[in-house]
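Novice: sequence and predicted structure, then a few things I'm wondering about:
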Amino acid sequence: KQEVTQIPAALSVPEGENLVLNCSFTDSAIYNLQWFRQDPGKGLTSLLLIQSSQREQTSGRLNASLDKSSGRSTLYIAASQPGDSATYLCAVTYTSAGNMLTFGGGTRLMVKP
Amino acid sequence: NAGVTQTPKFQVLKTGQSMTLQCAQDMNHEYMSWYRQDPGMGLRLIHYSVGAGITDQGEVPNGYNVSRSTTEDFPLRLLSAAPSQTSVYFCASRGSGGQTQYFGPGTRLLVL
């Protein structure tokens, strides 16, 4: 069974810190990997999508990297702000699964002022 | 554009009742899917569709039916609600050429 794991499950940091969220997957034959943000009681917002042939993607203060051979992705958030507080979800698309998403359990981030 | 819309936002059912969760998208996306989100279990795929008239099962399909008669709509039917179906349900879509998935705001379902 294809599994996606996110560590840590929860993280609390002071404002201004740079931080790294981790995602690992058991099957390296991925099609792409997406990072989502979910605010409490809300839907999911796509932050970054990395194709299987890419190593990283950047959007503003966010940088996501992908290492297929080791089955890992990281989401780097620079200069964290209280508005970054949310749950961050990693999801993998496998070509064998109809291009649908397999999600990790998420990392709940709290950035304290 | 409204994106992906879901109705209702919240619903309470009694065990054994049936209902339909509505999902619609106005982006002309071919791919649509339903997920449920439960504490400690993450998001899990229920059913998905790769186009009008084509549906398939995901990881947790039991107790749910879907159909896709139009590109825009992808309703999820609960045939006989059970307390184990208490969850938050999300609908998502993406275009055939794009890979970014767009999610609706979710429907919170409580089955008593």
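Specialist: Received it, and whenever you're ready, just let me know what you need.

Novice: quick one: stretch B:75-86 near chain A?
Specialist: No - using Cβ under 8 Å from any Cβ of the partner chain, stretch B:75-86 stays clear of chain A, coming no nearer than 14.7 Å. Any C-beta I mention is one placed from the backbone N, CA and C, and that applies to glycine too.

Novice: oops, could you answer that again for stretch B:48-64 instead?
Specialist: Yes - residues of stretch B:48-64 are located near chain A by Cβ under 8 Å from any Cβ, namely B:48, B:50, B:56, B:58.

Novice: any chance of a PyMOL selection covering the buried ones in the residues you listed?
Specialist: Those of these that count as buried under 16 or more other Cβ atoms under 10 Å in any protein chain shown are selected in PyMOL with:
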select buried, chain B and resi 48+50+58
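
Novice: contact partners for B:Ser80?
Specialist: The neighbours of B:Ser80, taking Cβ atoms under 8 Å, 6 or more residues apart in numbering or on different chains as the test, are B:16-18, B:63.

Novice: partner strands of the helix or strand of chain A at the bottom of the mean pLDDT ranking, parallel or antiparallel?
Specialist: Ranking every helix and strand in chain A by mean pLDDT, DSSP states H and E puts strand A:101-103 at the bottom, with a mean of 91. The strands that strand A:101-103 pairs with in its sheet are strand A:86-94 (antiparallel) (by DSSP bridges).

Novice: and the strand it pairs with, average pLDDT?
Specialist: Average pLDDT, strand A:86-94: 94.

Novice: other residues contacting it?
Specialist: By Cβ under 8 Å, 6+ apart, strand A:86-94 touches A:2, A:4, A:6, A:21, A:23, A:25, A:27, A:29-40, A:44, A:47, A:73, A:75, A:99-104, A:106-109, B:42-43, B:99, B:101.

Novice: same deal with stretch A:48-55?
Specialist: Counting contacts by Cβ under 8 Å, 6+ apart, the residues outside stretch A:48-55 that touch it are A:30-35, A:56-59, A:62, A:64-68, A:73, A:75, B:99-100.

Novice: which of those residues are buried?
Specialist: A:30, A:32-35, A:57, A:62, A:64-66, A:68, A:73, A:75, B:99.

Novice: returning to what we had before: okay if I get the contacts of B:Ser80 as CSV plus neighbour count, distance to B:Asp26 and pLDDT?
Specialist: Formatted as CSV, those follow (neighbours: other Cβ atoms under 10 Å in any protein chain shown; distance: Cβ to Cβ, whole Å; pLDDT from 0 to 100):
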residue, neighbour count, distance to B:Asp26, pLDDT
B:Gly16, 10, 34, 97
B:Gln17, 14, 30, 97
B:Ser18, 11, 27, 96
B:Gly63, 14, 29, 96
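
Novice: show me where chain B has strands.
Specialist: B:4-7, B:10-13, B:19-25, B:31-38, B:42-51, B:54-57, B:64-66, B:76-78, B:87-94, B:102-103, B:107-111 (DSSP state E).

Novice: mean pLDDT added to those, as TSV?
Specialist: Shown next, in TSV, are the strands of chain B (pLDDT from 0 to 100):
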stretch	mean pLDDT
strand B:4-7	96
strand B:10-13	97
strand B:19-25	97
strand B:31-38	94
strand B:42-51	92
strand B:54-57	93
strand B:64-66	97
strand B:76-78	97
strand B:87-94	95
strand B:102-103	93
strand B:107-111	97
